[in-house]
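In: Fold the following and give me the result.
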Amino acid sequence: MTQNRCTTAPFTRLARTLLIAVAAVAAVVAPAPAASATPNGSDPFYRPSAGYGATAPGTILRIRSIDPSYFQAIPMQVDGWQLLYRTTRADGSPYAAVTTVLKARQVARPSAVLSFQNMTDAVAPQCMPSQALQQGRTPWIDPARAAPIQLATMANETPLVAAALSRGWAVSVPDFGGVDNHFLTPREPGLVALDGIRAAERFGPAGLSDVRTPALLWGYSGGGIASGWAAQEQPSYAPELHLAGAALGAPVGNFRAGIRSANGQPIGGALIPVALMGMVQNSPTFAAALDRYLTPAGQQRINDAMASCTPQNLLSNLGFDATRYMTAPLDKVLDDPVISAAIDAAQLGRATPTAPLYVYNAIGDEISTIGGADRLVSAYCRGGTAVTYRREEIPTPISGHTIEWLAGAPGALSWLEQRAQGNLPTGCDIQSVPATILAPDALDALGSGIIAGSVRELLGF
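Out: Numbers count the residues shown, from 1 in each chain. Here you go, the predicted model:
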């Protein structure tokens with residue numbers, strides 16, 4: 001018992017520190033975001049040439065070198081490129097996307113390629129990984145903007161990318177919403193991620209041998225959903241890829257339950273406008289249906305969310321209670337036929353991955369509810385997928401969803417490393433555990449991977 005108190009105390013201190021930081025920023029910032037996002041098309045690199053749709057998915061359309069950025073501020077001593085490539089929309093039509101490909105300079109031939117899906121809960125272009133990973137591209141704070149906080153979630157996840165690089169892997173970080181920055185679109189994030197792997201494997205300087213190179217998927221929250229779509233779509237869309245495993249963190253197995261549970265919660269509630277804005281952007285029909293229930297203030301909240309990155313939206317919408325911005329009870333809105341159909345279409349679990357999965361979810365997660373994660377894992381197991389599932393009992397002083405991102409990452413990295421080495425699990429291994437970060441292999445991944453890897457890729461040795 002004493003050991004548990006000592007090891008969980010840092011998480012409590014971290015959560016308190018984060019809350020104090022949020023409060024401090026909120027005291028000096030009065031966010032008033034613009035009404036909509038600016039397309040990536042303002043940068044010609046993101047615009048595919050005419051006729052690109054005639055090329056095969058995964059075809060590289062444009063290349064540029066970049067200076068990679070750690071935490072959206074510090075130069076990383078690694079090789080970096082961005083590839084514009086041909087991919088596929090949810091409706092099957094040609095689409096384009098950008099992936100950022102990273103490789104440690106001391107590694108000539110990476111032993112695996114990791115497609116890392118950032119927890120991108122945004123549609124504004126400055127929030128996309130391809131911008132946040134470029135040194136000097138986007139500052140944390142831009143006083144000239146009505147919504148000044150430009151820090152993206154990608155900044156928080158660069159230590160995980162550095163850990164993968166330190167394992168000798170190449171990393172592909174796709175803008176999984178494509179050049180139009182879609183969010184919560186059915187199937188499409190998976191197609192974009194898979195074509196990002198194809199493009200990386202075809203890109204000579206990345207040093208990847210061919211399609212036999214072990215490919216891995218990893219993502220948390222929005223990135224976990226995108227990774228889930230990629231794992232589901234791979235058998236039919238990209239069967240030639242050697243997908244060795246996929247780690248899905250908090251993949252929101254039940255959107256309705258997540259919205260109900262998160263509503264009014266300090267962190268969870270703030271993500272409701274983000275989820276709604278993604279569906280509004282995806283479908284004019286959904287947008288029209290939702291507008292029938294939104295008050296003018298509610299419509300403004302959704303519009304404002306489109307122009308900001310997640311940290312700004314969290315501050316703008318702390319404790320968001322949807323009932324204050326709707327003209328009908330929340331359950332009635334969710335049961336509207338058009339809205340219900342859109343939610344159902346965005347839900348994972350209707351196809352069976354053939355690659356093994358690692359699913360991790362906090363039991364107290366207010367967004368990716370544990371019941372929803374249980375449902376998703378059960379569907380995969382019934383379909384024959386080998387699933388290692390860790391239901392984590394961890395302290396949740398603020399947000400179980402937030403704490404699990406940090407607490408579950410070392411275990412996911414350790415599991416992916418085993419898959420990259422060719423050790424394939426069978427069957428379903430489902431456990432409720434105190435915290436996977438306390439396991440010896442996870443502690444090693446934290447120390448030698450996430451911490452030491454960050455130092456190594458920052459200093460270049």
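In: Could you identify the helix or strand that succeeds the worst-scoring helix or strand of the chain on mean pLDDT?
Out: Taking mean pLDDT, DSSP states H and E as the measure, the helices and strands of the chain show their lowest mean at helix 2-28, namely a mean of 34. Helices and strands here follow DSSP states H and E; after helix 2-28, the next one along the chain is strand 60-65.
In: And for the helix or strand following that next one, what's in contact with it?
Out: Next helix or strand after strand 60-65 toward the C-terminus (DSSP H and E): strand 69-70. The contact list for strand 69-70 (Cβ atoms under 8 Å, 6 or more residues apart in numbering) reads 75-76, 132-137, 158, 162, 454, 457-458. From N, CA and C alone the C-beta is placed, and that goes for glycine too.
In: got it, and stretch 370-382?
Out: So stretch 370-382 is contacted by 228, 250-255, 257-258, 348-350, 352-353, 357, 359, 361-365, 387, 389, 391, 428, 430 (Cβ under 8 Å, 6+ apart).
In: switch to 7 Å and redo it
Out: With contact meaning Cβ atoms under 7 Å, 6 or more residues apart in numbering, stretch 370-382 is reached by 251-254, 257-258, 348-349, 352-353, 357, 359, 361, 363, 387, 389, 391, 428, 430.
In: all helices of the stretch 251-400 of the chain, in order?
Out: 255-262, 272-282, 284-291, 296-305, 310-316, 330-335, 337-345, 370-382, 400-420 (DSSP state H, counting those that start in this stretch).
In: quick one, which of those is nearest to Trp81?
Out: helix 400-420 (21.7 Å; Cβ to Cβ).
In: Show me which positions of the following helix or strand past that closest one end up buried.
Out: The helix or strand immediately downstream of helix 400-420 is strand 428-433, counting by DSSP H and E. By neighbour count on 16 or more other Cβ atoms under 10 Å, the buried set for strand 428-433 is Cys428, Val433.
In: Direction included, what does strand 428-433 pair against?
Out: The pairing partners recorded for strand 428-433 under DSSP bridges are strand 387-392 (parallel).
In: Filter the contacts of stretch 370-382 down to the buried ones and hand me the PyMOL line.
Out: Those of the contacts of stretch 370-382 that count as buried under 16+ other Cβ under 10 Å are selected in PyMOL with:
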select buried, resi 251+252+253+254+257+258+348+349+353+357+359+361+363+387+389+391+428
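In: coming back round to it: which members of the contacts of strand 69-70 occur in strands, if any?
Out: Mapping those onto strands (DSSP state E) picks out Pro75.
In: Can you lay out the contacts of strand 69-70 as JSON lines showing neighbour count and distance to Asp335?
Out: What follows is those, written out as JSON lines (neighbours: other Cβ atoms under 10 Å; distance: Cβ to Cβ, whole Å):
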{"residue": "Pro75", "neighbour count": "13", "distance to Asp335": "51"}
{"residue": "Met76", "neighbour count": "24", "distance to Asp335": "47"}
{"residue": "Ala132", "neighbour count": "27", "distance to Asp335": "37"}
{"residue": "Leu133", "neighbour count": "27", "distance to Asp335": "40"}
{"residue": "Gln134", "neighbour count": "18", "distance to Asp335": "43"}
{"residue": "Gln135", "neighbour count": "16", "distance to Asp335": "48"}
{"residue": "Gly136", "neighbour count": "10", "distance to Asp335": "48"}
{"residue": "Arg137", "neighbour count": "16", "distance to Asp335": "43"}
{"residue": "Thr158", "neighbour count": "27", "distance to Asp335": "41"}
{"residue": "Ala162", "neighbour count": "28", "distance to Asp335": "45"}
{"residue": "Ser454", "neighbour count": "22", "distance to Asp335": "46"}
{"residue": "Glu457", "neighbour count": "25", "distance to Asp335": "48"}
{"residue": "Leu458", "neighbour count": "18", "distance to Asp335": "50"}
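In: Which of the contacts of strand 69-70 fall within helices?
Out: Ala132, Thr158, Ala162, Ser454, Glu457, Leu458 (DSSP state H).
In: From those, pick the one nearest Leu413.
Out: Closest to Leu413, out of all of these and judged by Cβ to Cβ, is Ala162, at 11.0 Å.
In: Just the strands from the stretch 101-250 of the chain, written as ranges.
Out: 113-117, 170-174, 215-220, 243-249 (DSSP state E, counting those that start in this stretch).
In: closest to Leu84 out of those strands?
Out: Going by Cβ to Cβ, the one of the strands of the stretch 101-250 of the chain nearest Leu84 is strand 170-174, 11.1 Å.
In: could you redo the contacts of strand 69-70 as CSV and give each row distance to Val173?
Out: CSV is the format used below for those (distance: Cβ to Cβ, whole Å):
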residue, distance to Val173
Pro75, 17
Met76, 12
Ala132, 9
Leu133, 6
Gln134, 11
Gln135, 15
Gly136, 18
Arg137, 14
Thr158, 10
Ala162, 12
Ser454, 16
Glu457, 14
Leu458, 17
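In: re earlier: could you export the strands of the stretch 101-250 of the chain as CSV, including distance to Arg62?
Out: Formatted as CSV, those follow (distance: least, Cβ to Cβ, whole Å):
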stretch, distance to Arg62
strand 113-117, 19
strand 170-174, 15
strand 215-220, 23
strand 243-249, 26
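In: quick one: stretch 148-168 to chain centroid distance?
Out: Relative to its chain's centre, stretch 148-168 lies at 11 Å (Cα atoms, centre = their mean, to the nearest Å).
In: Ok, stretch 357-374 next?
Out: Distance, centroid of stretch 357-374 to centroid of chain: 15 Å (Cα atoms, centre = their mean).
In: before we move on, back to that, next, format the helices of the stretch 251-400 of the chain as TSV and append mean pLDDT and distance to Ser93.
Out: Listed next are these as TSV, based on pLDDT from 0 to 100; distance: least, Cβ to Cβ, whole Å:
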stretch	mean pLDDT	distance to Ser93
helix 255-262	93	25
helix 272-282	89	14
helix 284-291	94	17
helix 296-305	90	26
helix 310-316	89	29
helix 330-335	95	30
helix 337-345	95	17
helix 370-382	97	28
helix 400-420	94	33
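In: Out of the ones you listed, the one nearest Ile437 is which?
Out: That would be helix 400-420 among these, by Cβ to Cβ, at 4.9 Å.
In: quick one on the thing from earlier: would you convert the strands of the stretch 101-250 of the chain into TSV that also reports mean pLDDT?
Out: Formatted as TSV, those follow (pLDDT from 0 to 100):
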stretch	mean pLDDT
strand 113-117	98
strand 170-174	98
strand 215-220	98
strand 243-249	98
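In: Tabulate those in TSV, adding columns for mean neighbour count.
Out: Output for the strands of the stretch 101-250 of the chain, formatted as TSV (neighbours: other Cβ atoms under 10 Å):
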stretch	mean neighbour count
strand 113-117	29
strand 170-174	31
strand 215-220	30
strand 243-249	28
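In: out of those, nearest to Gly204?
Out: Short answer: strand 170-174, nearest of the strands of the stretch 101-250 of the chain by Cβ to Cβ, at 11.9 Å.
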